[in-house]
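**Student:** heads up, no residue letters with this:
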């Protein structure tokens, strides 16, 4: 099994202990949110420099990556799972990434459907904020292990983004990870946690100190209760006129 997917599954099992009971060792060590460190994929020194921040996974966000560098990064990071974002992905490209030792692949909805067929690596779909909600719900039927939400063009997360994140979490049965446009404050991170986000991916080329502070903020988040996903029903519009007509019909039936 993919190590990254395994961490996401353990995350969903984490729950808050009842009042008066001490949490088990597993619950105490469980994360409230996963931390994916973003890499530019331009220099192996980048991976060596930030290896001590204890990220849960690494993701090369550049679409133009060098296979040799990817292989070196996988070796450098050891047991920490690493993924790559691929453009124009297909079965051959996904297989190539798996052979390099990557734990997971991330591709957009323009990828060939053959990208879904490789069983040797976990697969994640990256989507935009503007994706139709019906299509978001349809992702539940795809053979992917989770969803990354793209950072968009803005340099910060807006209130609208936060609302979209929460709605996507309600619609999806799969884990949701947000790619950050910039590093967050503790309050901003808490907003994402409250929205139900399972993990965040930091932008590449960040100072080590800043990434370590982000790791610390994640570790300080409270553990969330286990929640049910993708169980949101369809809410139909309800108008006062229609309601009045229905009440009139019921009154006529009673008179008869």
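**Tutor:** It's in. Since this is a predicted model, take the numbers as computed values, not measurements.

**Student:** The most centrally placed residue in the chain: what secondary structure?
**Tutor:** Centroid-nearest residue in the chain: residue 177, 1.5 Å away (criterion: CA atoms, centre = their mean). Going by DSSP: H, G, I helix; E, B strand; the rest coil, the secondary structure assigned to residue 177 is strand.

**Student:** same for the helix or strand where residue 161 lies, what does it pack against?
**Tutor:** According to DSSP states H and E, residue 161 maps onto helix 159-171. Counting contacts by 3 or more CB pairs under 8 Å, 6 or more residues apart in numbering; DSSP states H and E, helix 159-171 is packed against helix 133-138, strand 146-149, strand 176-179, helix 186-194. The C-beta positions use only the backbone N, C-alpha and C, and glycine is treated the same way.

**Student:** quick revisit: for the residue nearest to the centre of the chain, which non-adjacent residue is closest in space?
**Tutor:** Among residues not flanking residue 177 along the chain, residue 199 sits closest, at 4.1 Å (CB to CB, 6 or more residues apart in numbering).

**Student:** Outside of stretch 203-217 itself, list whatever touches it.
**Tutor:** 35, 37-41, 46, 49-50, 52-55, 61-62, 151, 179-184, 186, 189, 202 (CB atoms under 8 Å, 6 or more residues apart in numbering).

**Student:** Can you give me the buried ones in that stretch?
**Tutor:** Going by neighbour count (16 or more other CB atoms under 10 Å), the buried part of stretch 203-217 is 203-204, 206, 211, 214-215, 217.

**Student:** Ok, stretch 169-189 next?
**Tutor:** Going by neighbour count (16+ other CB under 10 Å), the buried part of stretch 169-189 is 169-172, 174-181, 183-184, 188-189.

**Student:** Check stretch 153-169 too.
**Tutor:** Using 16+ other CB under 10 Å as the test for burial, stretch 153-169 gives 157, 161-162, 164-166, 168-169.

**Student:** what about this protein, any weak spots by pLDDT?
**Tutor:** 1, 12-30, 224-256 (pLDDT under 70).

**Student:** which residue ranges form the strands in it?
**Tutor:** Along the chain, the stretches classed as strands by DSSP state E are 34-39, 57-60, 82-86, 104-107, 122-127, 146-149, 176-179, 199-201.

**Student:** Indicate each strand paired with the first one and its parallel or antiparallel sense.
**Tutor:** When you say that, I think you mean strand 34-39. Here strand 34-39 is paired, per DSSP bridges, with strand 57-60 (parallel), strand 199-201 (parallel).

**Student:** Not counting it itself, show me its contacts.
**Tutor:** Counting contacts by CB under 8 Å, 6+ apart, the residues outside strand 34-39 that touch it are 7-8, 11, 46-47, 50, 53-62, 73, 83, 177, 179, 198-204, 206, 211, 214-215, 218.

**Student:** Kindly supply the PyMOL command isolating those of these that are buried.
**Tutor:** What follows is the PyMOL syntax for the buried subset of those, where burial is set by 16+ other CB under 10 Å:
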select buried, resi 7+8+11+46+47+50+53+55+56+57+58+59+60+61+73+83+177+179+198+199+200+201+202+203+204+206+211+214+215+218
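
**Student:** how much space between the nearest residue to residue 46 once chain neighbours are set aside and residue 139?
**Tutor:** Nearest residue to residue 46 in three dimensions, chain neighbours excluded: residue 39, at 5.7 Å (CB to CB, 6+ apart). Residue 39 sits 25 Å away from residue 139, going by CB to CB, to the nearest Å.

**Student:** Residue 100: which of the buried residues of stretch 153-169 is nearest?
**Tutor:** Each of the buried residues of stretch 153-169 was checked against residue 100 using CB to CB; the closest is residue 168, at 30.2 Å.
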